[in-house]
Structures are given as structure tokens and as C-alpha cells.
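Peer 1: Curious how this folds, go ahead:
(2 chains)
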Amino acid sequence: EDKVVQSPLSLVVHEGDTVTLNCSYEVTNFRSLLWYKQEKKAPTFLFMLTSSGIEKKSGRLSSILDKKELFSILNITATQTGDSAIYLCAVRHAAGNKLTFGGGTRVLVKP
Amino acid sequence: IAGITQAPTSQILAAGRRMTLRCTQDMRHNAMYWYRQDLGLGLRLIHYSNTAGTTGKGEVPDGYSVSRANTDDFPLTLASAVPSQTSVYFCASSDSDRAGELFFGEGSRLTVL
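Peer 2: A predicted model of the protein is given here:
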């Protein structure tokens, strides 16, 4: 059975701190790993990673994939209150368009 | 307004009733999906459609049905609602070229009593 596990479940930090979120997976026929941010309602797309060691960056957010050890991390530097959200990791299978999501990490950034 | 529209945004219904959640997209995406989100369980795929006229089962399809008569619409029907179907339901779509990048609707919160 395909699994995507995120850790920690939740964390509380203060503005300016650095946050590291983890995502491990056991998926047959891996194609890509994706990160989403869910603030209030709809999740919104952050990154798609397909190759090991490739780090994606977007401002203060970055993510890296390790296909050998089957995990990814999402880093947020210099956190702001607007970074408070649930961060979701998902894996896309090689066959078809389906994604398997992890349970998410809830991040709260205090002023 | 470009994107995905879901209706209703919230609904309470009695167990045993039939309910259809509506989803419409105007991005001409081929693929559409229905997920449910429950605390601690993340998003779980109910049904999906890779193109108009075709549908497939996801992780948790029991008790739900879908149809895809055209590109834009992808309704989800609960034939006889049960309390375990209380959840937040998200419709999503994706372009064939970037199938991992889902665009989500705002969600429909359903409570079955």
C-alpha cells in the first residue's frame, strides 16, 4: 500500500525562525513529489520535484528530494506570520494522474 | 472568474438522504478529482476523471459516484449519506502537461447527522 508520511504533525515557531518539514514515502512507480500550502480553504501548489538532489527555491521556501532514501524536506527561512498554514506533501504515481497525500504538517508562526 | 467553483460551500443533511456536490472549472483542464479531507488523514482521493467521458476509483470510493459528461463539470453524488461521510470535500483539476499541479476549489463542508 502506498504511504506518504509527514513530520512533525504540528509545530509552533516565532517570526524569523527557520522551519524544516519532512516527508517520507513508499510508493510504487514514483514519478514526482509535490508540496502544497493550505492556509484557510483550498490548497495551493508550491513545488514539484522529480529528480534527486534538485533543490527548488521560491523566495524563502526551498525543497529538496532524495529518491534513494525516499524523502523530501521543505525549508522555510525567516518565517513570517503569513507562513502559518498546513503544508501538504503528495506523491504522483508514474501511471496516471493520481496523487497520494500525506497527513500534513500544521505550522503556526507567532509574532 | 477563472478557476474551480464548488457548491454548496456548506451543507447539513440527514443520514439516508441523497446529495450531489457540484464542481465546475473554466480552465479547460482534462483531469478532475474529488478528495475528502479529514483531520489527521490528509486528502484522500475519492474518484477521478482523466478526460470527459471517463472516470476512475480512488482510495475511498465506496458510497460515492461521479460522472463526467463534459470537460467542465464533475459532480459527486452520495446516494445515501452516512455520518462517516461528514468531511470537507475538495474538487480539483489539472492540465495534462503538468498533471501533478492541482488547482483546488474552495471546498464543500458536509455534515451528515
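Peer 1: name the helices or strands packed onto the helix or strand containing residue A:86?
Peer 2: Per DSSP states H and E, residue A:86 falls inside strand A:85-93. Helices and strands touching strand A:85-93, by 3 or more CB pairs under 8 Å, 6 or more residues apart in numbering or on different chains; DSSP states H and E, are strand A:3-7, strand A:19-26, strand A:30-38, strand A:71-76, strand A:99-101, strand A:105-110, strand B:42-49. The way it works is simple: take the backbone N, C-alpha and C, and place the C-beta from them, glycine included.
Peer 1: any idea which residue of chain B is furthest from its center?
Peer 2: residue B:97 (21.4 Å; CA atoms, centre = their mean).
Peer 1: Tell me if stretch B:35-55 is near chain A.
Peer 2: Yes. Stretch B:35-55 comes into contact with chain A (CB under 8 Å from any CB of the partner chain), by way of B:35, B:40-45, B:48, B:50.
Peer 1: Can you add neighbour count and give the residues you listed back as CSV?
Peer 2: What follows is the residues of stretch B:35-55 next to chain A, written out as CSV (neighbours: other CB atoms under 10 Å in any protein chain shown):
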residue, neighbour count
B:35, 26
B:40, 7
B:41, 14
B:42, 21
B:43, 27
B:44, 16
B:45, 20
B:48, 25
B:50, 19
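Peer 1: Among those residues, which pair sits farthest apart?
Peer 2: Greatest spatial distance in these: B:40 and B:50, 29.3 Å, computed using CB to CB.
Peer 1: The residue nearest to the spatial centre of chain B sits in which helix or strand?
Peer 2: With distances taken as CA atoms, centre = their mean, the residue of chain B nearest its centroid is residue B:34 (2.9 Å). Here residue B:34 sits within strand B:31-38, counting by DSSP H and E.
Peer 1: For that strand, give me every contacting residue.
Peer 2: Applying CB atoms under 8 Å, 6 or more residues apart in numbering or on different chains, the contact partners of strand B:31-38 are A:97-98, A:101, B:21, B:23, B:25, B:43-51, B:58, B:60, B:64, B:66, B:68, B:74, B:76, B:87-96, B:99, B:102, B:107.
Peer 1: Among those, name the buried ones.
Peer 2: Neighbour counting over the contacts of strand B:31-38 (16 or more other CB atoms under 10 Å in any protein chain shown) leaves A:97-98, A:101, B:21, B:23, B:25, B:43-50, B:58, B:60, B:64, B:66, B:68, B:74, B:76, B:87-94, B:99, B:102, B:107 as the buried ones.
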